[in-house]
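K.L.:
let me see the structure of the following:
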Amino acid sequence: MTDTVENRWRTLLTRGEPESREVDAESRLRMLIGVSPVGRPYFTVIVAQKPGLPDLTSAIEVTRRQRAADGRWTLTLELQVHVLTDAFISLVSDLATKSAAAASESAALEIFLETLAEWRELLTARADRLSESALRGLIAELWFGFESEVHGHPLAEAARAWAGPFGGAQDFQFPAPGHNFEVKSLRPGRRSVEISSEEQLDGDNIKLAVITIEEVTTPSDSITLPGLVTSIRSRLKDGADRAEFNRRFARLFVNPDDPWYSEQAYAVRRLQLFDVSEEFPALRRSRLPQAIARTTYRIDVQHLPQFVAFDINYEHGSCTRDG
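P.N.:
Residues are numbered from 1 along each chain as shown. You can find the predicted model right below:
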């Protein structure tokens, strides 16, 4: 259901003409998606009881009206800031998925308002683009978790294990007996990666994934952030799984519809996976004096051959594996 909602929503936005569509005819909560006469996306719920007004940011215009024909109430959210379109679509997806399970209209409305409260911060306009270095890191993180298949978990589990957007100590934290994976990007010819805190490599069952990413100018087989995000969403077939991914991605405050991101193309050249054992050289919070409040340091991966779980080379479109 969520897949259909997102596809129809993006189709409406592409047409750019004033029209609306029902989200799910079988839902307890009647919901509409549409495009306003000035080309802005909006989302409407229609209920019997007068709904409360959600406290949202200035990026969303909220309108509440009572219909003269049947006395029912409409609550409309209209997006005012284009850069938040992707987050807005994600919100609609999340709302549709959660409200579908409600037993009554009032329960569905309560879920609707609670979900809006959760998304309030995510619907705050952020105009800054990622730095090129941060973009590399995000592409490495997404590619490892959702495209590489190296960690051995299904895509749906990866979506729920993705802890990076929530500030997790490691980027992917799979339930035991699974591992926690910290992902780092590396430029070709470089040897060291930055460890941004003493928590990142502290703990049991941790693996360090170092992904060499090269900037490319030819579009063939290249990776871009919009293409990667689209691929992940299309492969997450279950609406609830996709909503989990969307929720996490929205927390990054990144707009993949920004044309700049489509212009930054990369190719994965190498993947090295290291076992972070007790002997692995790292600064660990559990072993540091309390007086040391924060650390950032670099690890030279050329000096870690004894910790290599495997080493995969993707040069020239081929894949060779050691370890």
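K.L.:
residue 148 and residue 204, how far apart?
P.N.:
23 Å (CB to CB, to the nearest Å). (Glycine included, C-beta is placed from N, CA and C.)
K.L.:
and those two? which has more neighbours close in?
P.N.:
residue 148 (19 against 10; other CB atoms under 10 Å).
K.L.:
can you verify my assumption that residue 43 contacts residue 76?
P.N.:
Yes. Contact criterion CB atoms under 8 Å: residue 43 and residue 76 qualify, at 7.1 Å.
K.L.:
the more surrounded of those two?
P.N.:
residue 43 (24 against 18).
K.L.:
how about that one, nearest residue that isn't a chain neighbour?
P.N.:
Of all residues not flanking residue 43 in the chain, residue 77 sits nearest, at 4.8 Å (CB to CB, 6 or more residues apart in numbering).
K.L.:
name the helix or strand for the one you found, please.
P.N.:
Applying DSSP states H and E as the criterion places residue 77 in strand 73-79.
K.L.:
just the buried residues of the strand or helix carrying residue 312, please?
P.N.:
Secondary structure assignment for residue 312, by DSSP H and E: strand 308-313. For strand 308-313, a neighbour-count test (16 or more other CB atoms under 10 Å) marks 311, 312 as buried.
K.L.:
and the residue nearest to residue 194 when sequence neighbours are not counted, its phi and psi?
P.N.:
Once flanking residues are discounted, residue 194 sits nearest to residue 298: 5.3 Å by CB to CB, 6+ apart. Backbone torsions of residue 298, given as degrees, to the nearest 10, read phi -120, psi 150.
K.L.:
wouldn't residue 298 be in contact with residue 196 here?
P.N.:
No. Look at residue 298 against residue 196 with CB under 8 Å: they stay out of range, at 10.3 Å.
K.L.:
of those two, give the one with the bigger neighbour count.
P.N.:
Set residue 298 next to residue 196 and count neighbours by other CB under 10 Å: residue 196 wins out with 13 against 10.
K.L.:
give me the mean pLDDT for the strand holding residue 312.
P.N.:
For strand 308-313, the mean per-residue pLDDT is 93.
K.L.:
elements contacting it?
P.N.:
Using 3 or more CB pairs under 8 Å, 6 or more residues apart in numbering; DSSP states H and E, the elements in contact with strand 308-313 are strand 266-275, strand 320-322.
K.L.:
mind listing what residue 31 touches?
P.N.:
The neighbourhood of residue 31, defined by CB atoms under 8 Å, 6 or more residues apart in numbering, consists of 22, 23, 24, 43, 44, 45, 46, 95, 96, 99.
K.L.:
sort out for me which of the residues you listed are in helices.
P.N.:
Among these, the members found in helices (DSSP state H) are 95, 96, 99.
K.L.:
make JSON lines out of those residues and add neighbour count and pLDDT.
P.N.:
Listed next are the ones in helices among the contacts of residue 31 as JSON lines, based on neighbours: other CB atoms under 10 Å; pLDDT from 0 to 100:
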{"residue": "95", "neighbour count": "26", "pLDDT": "77"}
{"residue": "96", "neighbour count": "24", "pLDDT": "75"}
{"residue": "99", "neighbour count": "24", "pLDDT": "78"}
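K.L.:
and those residues, which is closest to residue 50?
P.N.:
residue 99 (18.3 Å; CB to CB).
K.L.:
and that closest one, what is it in contact with?
P.N.:
Counting by CB under 8 Å, 6+ apart, residue 99 has contacts 27, 28, 29, 31, 108, 111, 112.
K.L.:
likewise residue 148?
P.N.:
Applying CB under 8 Å, 6+ apart, the residues near residue 148 are residue 271.
K.L.:
check it and give its pLDDT.
P.N.:
93.
K.L.:
which secondary structure state does it sit in?
P.N.:
The local conformation at residue 148, judged by DSSP: H, G, I helix; E, B strand; the rest coil, is coil.
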